[in-house]
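>>> Sequence and computational prediction follow.
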Amino acid sequence: MPTWFLQDVSRETLDKLCVYKKLLKKWTKKINLISRSTYDHIADRHIWDSAQIFEHIEGRWVDLGSGGGLPGVVLAILADGKKKPLNIVLIESDIRKATFLRTCSTKLEVPLKVISQRIDCIEPLNAEIISARALTNLNNLIELAEMHLTPGGASLFMKGAKWQQELEEARRNWQFSCDVKPSLTNPDAAILRIKDIRRVGH
């Protein structure tokens with residue numbers, strides 16, 4: 001367990017993360033929540049990776065394509081443990097995965113709202129923070145974020161080794177400010193904090 005993660009994390013929070021890990025393993029046998037290749041490395045590959053953006057979320061936070069709850073459920077557990085006031089909304093169009101997310105909320109006693117619809121079919125959510133992990137390319141993420149961010153809001157996109165290429169491609173269609181934060185769990189990955197989104201030519 002990384003030392004940066006242990007700072008001010010209670011035993012109750014760690015216990016809830018362990019329960020979540022067990023739920024993830026159990027449900028992955030039925031539905032595809034995580035890659036089988038990472039099944040034996042859930043903590044470092046998924047949980048700690050998700051936890052690293054906790055300090056950057058606030059207010060009304062929307063997680064796009066939440067899937068197995070990474071980072072959504074992980075951050076909800078941390079927020080509950082630290083009594084951080086968040087209005088948490090997880091969007092997942094797959095009914096089975098949405099059911100898993102609601103089960104996590106009940107079993108772990110963490111407050112969150114699950115919307116089981118396509119992201120592009122939902123009325124604007126006016127989020128202060130939008131996050132996404134392993135969902136789609138950056139260009140598509142920015143388009144979705146533009147729909148649901150409140151003015152002055154920011155997006156936190158967790159991207160892999162090709163993040164620079166995706167950033168270059170996205171700038172062909174969008175103008176935005178981007179703060180790049182190196183990943184704490186993968187030297188090739190990065191967290192992109194994107195604000196002030198506008199279409200090129202507008």
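Great, that's in hand. Numbering: from 1, shown residues only.
>>> residue closest to the middle of this structure?
P71 (3.7 Å; Cα atoms, centre = their mean).
>>> got a list of what the nearest residue to N139 once chain neighbours are set aside touches?
Of all residues not flanking N139 in the chain, A170 sits nearest, at 4.5 Å (Cβ to Cβ, 6 or more residues apart in numbering). C-beta coordinates here come from the backbone N, C-alpha and C atoms, glycine included. Going by Cβ atoms under 8 Å, 6 or more residues apart in numbering, A170 touches 137-139, 142, 176.
>>> In TSV: these, plus pLDDT, neighbour count and secondary structure.
Listed next are those as TSV, based on pLDDT from 0 to 100; neighbours: other Cβ atoms under 10 Å; DSSP: H, G, I helix; E, B strand; the rest coil:
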residue	pLDDT	neighbour count	secondary structure
N137	97	14	coil
L138	98	26	helix
N139	97	15	helix
I142	98	24	helix
F176	98	19	strand
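>>> Mind putting the residues you listed into a markdown table with distance to I129?
As requested, the contacts of A170 are exported to a markdown table (distance: Cβ to Cβ, whole Å):
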| residue | distance to I129 |
| --- | --- |
| N137 | 20 |
| L138 | 17 |
| N139 | 20 |
| I142 | 15 |
| F176 | 15 |
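>>> Next SSE downstream of the helix or strand of the chain at the bottom of the mean pLDDT ranking?
The weakest-scoring helix or strand in the chain, judged by mean pLDDT, DSSP states H and E, is helix 3-6 (a mean of 54). Downstream of helix 3-6, the first helix or strand assigned by DSSP states H and E is helix 11-28.
>>> rewinding a little: do I have it right that the residue nearest to the centre of the chain meets W61?
No. P71 lies out of contact with W61 (Cβ atoms under 8 Å); the separation is 10.2 Å.
>>> what sits in contact with each of the two?
With Cβ under 8 Å, 6+ apart, P71 and W61 have common neighbours S131.
>>> For L184, pull up the helix or strand it's in.
Using DSSP H and E, no helix or strand contains L184.
>>> Return the residues in contact with G81.
9-10, 12-13, 16.
>>> Count the neighbours of the closest residue to A154 other than its chain neighbours for me.
Nearest residue to A154, sequence neighbours excluded (Cβ to Cβ, 6+ apart): K195, at 4.7 Å. Other residues within reach of K195, judged by other Cβ atoms under 10 Å, total 14.
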